[in-house]
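1. no FASTA, just this:
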């Protein structure tokens, strides 16, 4: 498109930062480098015309999620991410990233953390909702691709950290929540289609 820049230094910086952070991490199932997630999230957000700040926040979402799991304070998050990429990027990520402890300071279980994300979507900004949806589309689509290419789907299901039923429930609840808060887009429709196909793949499959 005429006038559109082909290079973004903030996006390039975010990709380099995320690549360094995720350098030794791999995803489950076929164990591709974990960096494939932020890279694909960036592609998805760009495909839907999201602005630079949203794309940068999408790339760094899993970095901040790791920091949250490690118990980073807000000051550390500002130092590590906010000062490098801007307050708007950090605040956008914090709207929907999983928190280890509740607002009351209580440690939350994995299920409670996911429920907390769903509740916070009500007050989240549009960019934060885009990032949440893009992450889900990528991870759900990757799971579906793994199931389609294997002769032993039970092996794929068994490698899910949360288990098959909890994973499917999370994707379905997230899709329904995004629609309930009024976030209507082709990306949400895409998520619903992928979730339906995953549920179809799970019918009759052993739990593993």
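-> Yep, that arrived. Bear in mind the structure is a predicted one, so any value in this text is a computation, not a measurement.

2. all contacts plus neighbour counts: C-alpha atoms, from now on.
-> OK.

3. so residue 52 touches residue 12, yeah?
-> No - counting by C-alpha atoms under 8 Å, residue 12 is not a contact partner of residue 52; they are 10.7 Å apart.

4. Settle it for me: which of the two has more neighbours?
-> Applying other C-alpha atoms under 10 Å to residue 52 and residue 12 shows that residue 52 carries more neighbours, namely 17 against 12.

5. out of everything not next to it in sequence, what's closest to the more buried one?
-> Nearest non-adjacent residue to residue 52, counting by C-alpha to C-alpha, 6 or more residues apart in numbering: residue 11, 7.1 Å away.

6. Need the residues that contact the helix or strand containing that neighbour.
-> According to DSSP states H and E, residue 11 maps onto helix 9-21. The contact list for helix 9-21, computed with C-alpha atoms under 8 Å, 6 or more residues apart in numbering, reads 35, 38, 39, 52, 55, 56, 59, 60, 63, 85.

7. Would you mind putting the residues you listed into JSON lines with secondary structure alongside?
-> Shown next, in JSON lines, are those (DSSP: H, G, I helix; E, B strand; the rest coil):
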{"residue": "35", "secondary structure": "coil"}
{"residue": "38", "secondary structure": "helix"}
{"residue": "39", "secondary structure": "helix"}
{"residue": "52", "secondary structure": "helix"}
{"residue": "55", "secondary structure": "helix"}
{"residue": "56", "secondary structure": "helix"}
{"residue": "59", "secondary structure": "helix"}
{"residue": "60", "secondary structure": "helix"}
{"residue": "63", "secondary structure": "helix"}
{"residue": "85", "secondary structure": "helix"}
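
8. of those, closest to residue 198?
-> Closest to residue 198 out of the contacts of helix 9-21 is residue 38 (21.9 Å), distances taken as C-alpha to C-alpha.
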